[in-house]
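Chemist: Provide a 3D model corresponding to the input given below.
(one chain, ligands or ions: 1)
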Amino acid sequence: MRNARKIEPRIQSTANAMTTKPTDNQKSADAETTDRVFATERLPTAFAFDDQVASVFDDMINRSVPGYSTIVSMIGVLAERYCGAGSRIYDLGASLGGASFAVAHQLPHDDYQIIAIDNSEAMTSRLRERLANTQLDAQTAPLSSRIECRNEDLRDSEIRDASMVILNFTLQFIDPAAREALMHKIYAGMRPGGLLVISEKIQFPDPQLNELFIDLYHRFKETQGYSKLEIAQKRAALENVLIPETLEAHRQRLSGAGFHSIDAWFQCFNFASMVAFK
Ligand code: GEK
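Modeler: Numbers count the residues shown, from 1 in each chain. This is a model prediction of the structure:
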């Protein structure tokens, strides 16, 4: 049994970095990991989780999803409640493993297996490297012994005996026509009492609210240092790639698949995270 470790909120490391003068090495490392993917004018192409995106993904998602670090930390807190000894946890669309790492850091025991799945080779190769190089403390084995990384399309993944399934901003990238079957598969692969966490960019049935939250979201991105050009180009690239739905549409699909006690536990503008139980 070991004590749960807290992941440091990103804002804290940024604040610390601001109090000390960066060295030239730090400056070039920062330049390499800062999201500038849409900073210069480019021909419209569909957004993809390729090498360019994966190499700056931590910065991109933290500056693009309001509340991302809170959501990820709280996924760890939820896991602590629902993932006792012998748990199997699926992180679907894991990217660089933000949610998987939060769960591993927060669980007070070592008797669990996380299966982190992503179909982007650029993501999974980086995640594997991180897992091999991360230990929770000096006594434990690298996280690669606890977190198995699979490079596969989650629509084809086998899900079995899951205490918890995490879809942290992933379903929005799945073809809407495939979403219902996916929810049925996830439900069938979960233990009774199991927890599904699903975070998404959402739409609102009220057009005025919809417009307001999109507008406020773009202001949020400006506060994170993105230019109007970056915001506009990324928005165009995500058209028909990221397809948001209303909370009600999510609720209905989850309920239709058999889940109960479905509700949002987090929302900021047009981003929300929901829980649902088997
Ligand atoms: C986090 N959950 O940091 N099969 C597997 N992976 C997929 C598929 C698919 N069919 N489609 C998309 N992905 C992460 C963040 S990002 C969200 C998730 C974002 C993967 C895709 O390759 C990408 O890594 C991830 O889903 C979505 O907690 O960028 O907004």
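Chemist: make it CA atoms for all contacts and neighbour counts henceforth
Modeler: Fine.
Chemist: how about the residues of the stretch 151-278 of the chain by the ligand?
Modeler: With C-alpha under 6 Å from any ligand atom as the criterion, the stretch 151-278 of the chain meets the ligand at residues Glu152, Asp153, Leu154, Arg155, Asn168, Phe169, Thr170, Phe173, Ile174.
Chemist: contacts only, for the residue nearest to the second one when sequence neighbours are not counted.
Modeler: On the basis of C-alpha to C-alpha, 6 or more residues apart in numbering, the spatially nearest residue to Asp153 that is not a chain neighbour turns out to be Asn119, at 4.9 Å. By C-alpha atoms under 8 Å, 6 or more residues apart in numbering, the contact list for Asn119 reads Gly93, Asn151, Glu152, Asp153, Leu154.
Chemist: need phi/psi at Asn119.
Modeler: Reported as degrees, to the nearest 10, the phi and psi values for Asn119 are phi -90, psi 0.
Chemist: any idea how far Ala46 is from it?
Modeler: 17 Å (C-alpha to C-alpha, to the nearest Å).
Chemist: next: Gln106.
Modeler: The value you get for Gln106 to Ala46, if C-alpha to C-alpha is used, is 36 Å.
Chemist: can you check Phe169 too?
Modeler: Taking C-alpha to C-alpha, one finds Phe169 at 18 Å from Ala46.
Chemist: so which bits of stretch 186-198 are buried?
Modeler: Ile186, Tyr187, Ala188, Gly189, Met190, Arg191, Gly194, Leu195, Leu196, Val197, Ile198 (16 or more other C-alpha atoms under 10 Å).
Chemist: turn the residues you listed into CSV, columns for secondary structure and pLDDT.
Modeler: Shown next, in CSV, are the buried residues of stretch 186-198 (DSSP: H, G, I helix; E, B strand; the rest coil; pLDDT from 0 to 100):
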residue, secondary structure, pLDDT
Ile186, helix, 98
Tyr187, helix, 98
Ala188, helix, 98
Gly189, coil, 98
Met190, strand, 98
Arg191, strand, 98
Gly194, strand, 98
Leu195, strand, 98
Leu196, strand, 98
Val197, strand, 98
Ile198, strand, 98
